[in-house]
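this is a predicted model, with the sequence first.
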Amino acid sequence: MDENINTLKGLGLTMYEAQAYVTLTSLISSNATEISRQSEIPRSKIYDVLKGLVKKNFIEVEDGRPLTYIVKSPVEVLSREKDKKISEIDDTITRLTYIYENGMSQVQAPIWRIYGVEKIIAQELEIIKRAKTSINMRIGFLFDGEGEALVKALKNRSDLRINILASPVCYINDEKFDIIQLFKDNDINIQKADIPFVKLIISDSKEMMHTYTKFSEDKRNVIPETAIGIWNKYEDIAKNYDDRFMNQLKKMKKKNKNQKN
């Protein structure tokens, strides 16, 4: 019951309101005296508590002597409150992201080092979310779970121009992983290329991140604890790398075209 009460408090109910609602889910309908007794809410408080639950649309009240209080289905009530919370969170994300991005544009010397695989992947996904027109990537390796996370993020951004150059395969936990096939299976533009053991993601020619890591002696597996990301928001540098990327892409397309002819 404690978990249920904590959840209900998280949805905006008071402790007593949560106790009364949980009690009513087993009683279905009852009067204030019985609800007070079973929930152990003082008689002096119970009417105000039940009035609050009626106002918040968790229960209904039926006229009579005494009044009868009827619980609303948890599926109906909690689904409604869940949707409301999700909407509130989405609105907060939008507002805070706007503040965050404005703040980032004011930061001097915009180069940061990011340590740890989870933080690196999270920053890559943030870069994809912020992109307005294009994402260009060079992939020489992937961390465990990173490929799937990138695919999901990119599929949600069908409005972007996406270009990826990647090594055909890499090794994750000693198992061969087909990078090209993963992205092709999800209809994401990718081309095979000779990419060294680094990753690069560039957004809109304005920001970019290089990721480096050490590899095992046989050069197969990454050593995750050595991973470091260099996040760079110098637009001149990002544009320079993007230009080089596009030149490499054009040369590859021209070469492939000539080979077909």
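Sure, I can see it. Numbering: from 1, shown residues only.

pretty sure residue 221 sits against residue 176.
No - at 10.9 Å, residue 221 does not count as touching residue 176 under the criterion of CB atoms under 8 Å. Every C-beta, even on glycine, is put in place using the N, C-alpha and C of the backbone.

quick one, which of these two is more surrounded?
residue 221 (18 against 10; other CB atoms under 10 Å).

tell me the contacts of the more buried one?
Applying CB atoms under 8 Å, 6 or more residues apart in numbering, we find residue 221 in contact with 171, 172, 173, 174, 215.

quick one: the closest residue to the fourth one other than its chain neighbours and residue 214, what's the gap?
Leaving out its chain neighbours, the residue that sits closest to residue 174 by CB to CB, 6 or more residues apart in numbering is residue 221, at 6.1 Å. Counting by CB to CB, to the nearest Å, the separation of residue 221 from residue 214 is 10 Å.

verify the contact between residue 191 and residue 166 for me.
Yes - when contacts are counted by CB under 8 Å, residue 191 is listed as touching residue 166 (7.5 Å).

ok, the two, which is more surrounded?
Counted by other CB under 10 Å, residue 191 and residue 166 do not tie: residue 166 has more neighbours, with 23 against 16.

in terms of pLDDT, where does the nearest residue to that one once chain neighbours are set aside sit?
The spatially closest residue to residue 166, leaving aside those adjacent along the chain, is residue 139, at 3.9 Å (CB to CB, 6+ apart). As predicted, residue 139 sits at a pLDDT of 96.

contact partners for residue 139?
Taking CB under 8 Å, 6+ apart as the test, what residue 139 contacts is 164, 165, 166, 167, 179, 195, 199.

what do you get for residue 11?
Applying CB under 8 Å, 6+ apart to residue 11 gives the contacts 78, 81, 85.

for the residues you listed, give me JSON lines that also has secondary structure.
Converted to JSON lines, the contacts of residue 11 look like this (DSSP: H, G, I helix; E, B strand; the rest coil):
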{"residue": "78", "secondary structure": "helix"}
{"residue": "81", "secondary structure": "helix"}
{"residue": "85", "secondary structure": "helix"}
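
which residues are contacting stretch 233-249?
Stretch 233-249 is contacted from outside by 104, 107, 110-111, 136, 138, 163, 165, 191, 193, 200, 202-203, 205-208, 232, using CB under 8 Å, 6+ apart.

switch to 7 Å and redo it
Residues outside stretch 233-249 that contact it (CB atoms under 7 Å, 6 or more residues apart in numbering) are 104, 110-111, 136, 138, 163, 165, 200, 202, 205-208, 232.

ok, of those residues, which one's closest to residue 21?
Nearest to residue 21 out of these is residue 104 (CB to CB; 43.1 Å).

show me where this protein dips below the pLDDT cut-off.
1, 98, 100-109, 259-261 (pLDDT under 70).

which residue sits farthest out from the middle of it?
Residue farthest from the centre of the chain, counting by CA atoms, centre = their mean, is residue 65 at 52.0 Å.

where does it sit: helix, strand or coil?
coil.

cool, and the one 4 residues further on?
With three-state DSSP as the basis, residue 69 sits in strand.

sorry, back to before: relative to residue 13, how far out is the residue nearest to residue 166?
From residue 139 to residue 13 the distance is 48 Å (CB to CB).
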